[in-house]
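[1] just need the structure, nothing else, for what follows:
(2 chains)
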Amino acid sequence: MHGRANGEHMSKSSLIYNKDFTEKFEKQLRKLGDKVRVKRINQKVDEILGFPYREIRFGAGRWRGKREERIGDDRLFFAICEQCRKEKHQAYNNCYNCEKIPDNTIRFFEMVDSHKYNER
Amino acid sequence: MARTLRDKAIDQFLTLYLINDVFSRKNLSLLPSTKLQKLVFLSEKTMIDKREKGFNFYFIKLVHGPFSPELENDISKLIQDGFINDLELRPTNNTRLILEDFQSVIDRNQTFLAKINRVNDTFARMSLQKLLSVIYSMPWGRGRGRTIADLPQRTPMLYPMKPEIVATEFEITENEAEDLLMNFDPEAIKDLSQAMKDAREGKWRTYEQVFSDL
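    Here you go, the predicted model:
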């Protein structure tokens, strides 16, 4: 059910993806107040939009059903609508008007700063 | 030795495992927190006796026998974070998600979990009164026929092992420990709930709105 890093690689870079972000994501980004960090997150978002099916890792527990990518200690949680439907993750992501959203959409839910969870 | 973040993640994970086992396999309808304290104590003691570092709670002797203030605090947190309910300490769907998603951690730590299962098999369905009397009569310390009942109040009983005496350690990767800590962090849970509320209510922003003026 829960896929941790499984090494699956699928290139669908020829597709153009629609993208949207929760208001929470925007608030979290504005709260950072660190231009370098914001730039790195922006670059990671662009990378995901270019090659969304590389290095697939899903969140665990309450984050089940959401894809996860890391930029240093920051974690981005998102879903590709096509994959979300295929994996039957809609119940975990529960987006408004899900059935009207095209498959080639990537929805960015939130960020987590996991700095406080490591002892490095 | 103070508990590390990794120790805390393992402690909460094993506590959830133990609670879930009590309800799912031993069919208890409620788990009083005093009984939970004793089941964790017995599991941790069994591990420490074999120099296995699984549970890392400090236990001291109090009026009703071994008690861990840290465990009490973790139980309150697990209730607050919605992993167990307030009345019976029954595990919720969030506990099921954790145990399913960390099945590989369970698989590779069977030595530890088998000990919890055995403690539950022997003691979970025992009446609290009988369980307490079994614990009070357990021998404690070296020689002299001393039992737990004989210990003065507030005597330290169990504490995290020093690294040099550990024979087997609970196996968990750094990433897995971080994932667990995130799941046990009320602030992270609150942020996620807000994000999911936005998704549910269709509160979406465009790429340009999010990144243009940053």
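
[2] got phi/psi on A:Asp74?
    Reported as degrees, to the nearest 10, the phi and psi values for A:Asp74 are phi -80, psi 140.

[3] local confidence estimate at it?
    In this model, A:Asp74 is scored at 94, pLDDT.

[4] which residues sit in contact with it?
    Neighbouring residues of A:Asp74 by Cβ atoms under 8 Å, 6 or more residues apart in numbering or on different chains: A:Arg37, A:Arg40, A:Ile41, A:Met111, A:Val112, A:Asp113, A:Ser114. Backbone N, C-alpha and C define where each C-beta goes, glycine included.

[5] and which of these is nearest B:Thr92?
    Proximity of the contacts of A:Asp74 to B:Thr92 was ranked by Cβ to Cβ; the top entry is A:Val112 with 21.5 Å.

[6] redo the contacts of A:Asp74 as JSON lines? Include secondary structure and distance to chain B.
    Formatted as JSON lines, the contacts of A:Asp74 follow (DSSP: H, G, I helix; E, B strand; the rest coil; distance: Cβ to the nearest Cβ, whole Å):
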{"residue": "A:Arg37", "secondary structure": "helix", "distance to chain B": "10"}
{"residue": "A:Arg40", "secondary structure": "helix", "distance to chain B": "12"}
{"residue": "A:Ile41", "secondary structure": "helix", "distance to chain B": "9"}
{"residue": "A:Met111", "secondary structure": "strand", "distance to chain B": "8"}
{"residue": "A:Val112", "secondary structure": "strand", "distance to chain B": "6"}
{"residue": "A:Asp113", "secondary structure": "strand", "distance to chain B": "9"}
{"residue": "A:Ser114", "secondary structure": "helix", "distance to chain B": "5"}
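
[7] buried subset of those residues?
    Buried by 16 or more other Cβ atoms under 10 Å in any protein chain shown: A:Arg37, A:Ile41, A:Met111, A:Val112, A:Asp113, A:Ser114, out of the contacts of A:Asp74.

[8] next one: the residue nearest the centre of chain A from B:Asp81, what distance?
    Among the residues of chain A, A:Phe78 comes closest to the average C-alpha position under Cα atoms, centre = their mean, at 2.2 Å. When distances are taken as Cβ to Cβ, to the nearest Å, A:Phe78 and B:Asp81 turn out to be 24 Å apart.

[9] without its sequence neighbours, what residue ends up closest to B:Asp46?
    Actually, residue B:46 is Thr rather than Asp. B:Lys115 (4.7 Å; Cβ to Cβ, 6 or more residues apart in numbering or on different chains).

[10] isn't that neighbour up against B:Leu42?
    No. Using Cβ atoms under 8 Å, B:Lys115 is not in contact with B:Leu42, being 9.1 Å away.

[11] how about B:Lys8, what does it touch?
    For B:Lys8, the contacting residues are B:Asn56, B:Asp74, B:Leu181, B:Phe184, by Cβ under 8 Å, 6+ apart.

[12] just the buried ones among the contacts of A:Asp74 now: which is nearest A:Gly59?
    Within those, proximity to A:Gly59 (Cβ to Cβ) peaks at A:Val112, which comes in at 9.2 Å.

[13] and the helix ranked longest in chain B, which residues are buried?
    If each helix of chain B is counted by residues according to DSSP state H, the longest one is helix B:5-24. Of all the residues in helix B:5-24, those buried under the rule 16+ other Cβ under 10 Å are B:6-23.

[14] ok, stretch B:23-34 next?
    Counting neighbours by 16+ other Cβ under 10 Å, the buried set in stretch B:23-34 is B:Phe23, B:Leu28, B:Leu31.

[15] got a list of contacts for it?
    B:19, B:22, B:64, B:72, B:75, B:87-91, B:117, B:120-121, B:124-125, B:128, B:132.

[16] for that stretch, the averaged confidence score.
    Per-residue pLDDT over stretch B:23-34 has a mean of 94.

[17] can I get that stretch in CSV, CA atoms only?
    This file holds the C-alpha atoms of stretch B:23-34, laid out as CSV (Å, rounded to 0.1, in the frame of the first residue of the first chain):
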residue,chain,number,x,y,z
PHE,B,23,-6.7,-4.6,21.3
SER,B,24,-6.4,-6.6,18.1
ARG,B,25,-4.9,-9.8,19.3
LYS,B,26,-5.8,-9.9,23.0
ASN,B,27,-9.3,-8.4,22.4
LEU,B,28,-9.3,-6.0,25.4
SER,B,29,-12.2,-3.6,25.4
LEU,B,30,-10.3,-1.0,27.3
LEU,B,31,-6.7,-0.5,28.5
PRO,B,32,-6.3,1.5,31.8
SER,B,33,-3.2,3.7,31.7
THR,B,34,-1.9,2.0,34.8
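
[18] filter the contacts of stretch B:23-34 down to just the buried residues.
    B:Ile19, B:Val22, B:Ile75, B:Leu89, B:Arg90, B:Pro91, B:Asn117, B:Asn120, B:Ala124, B:Leu132.

[19] ok, the first one to chain A distance?
    With the distance defined as Cβ to the nearest Cβ, to the nearest Å, B:Ile19 ends up 16 Å from chain A.

[20] per-residue confidence for that residue?
    98.

[21] bridged to the closest residue to it other than its chain neighbours, which residues?
    In space, not counting the residues next to it along the chain, B:Ile19 is nearest to B:Pro91; the distance is 5.5 Å by Cβ to Cβ, 6+ apart. Listed by DSSP bridges, the beta-bridge partners for B:Pro91 are B:Ile84.
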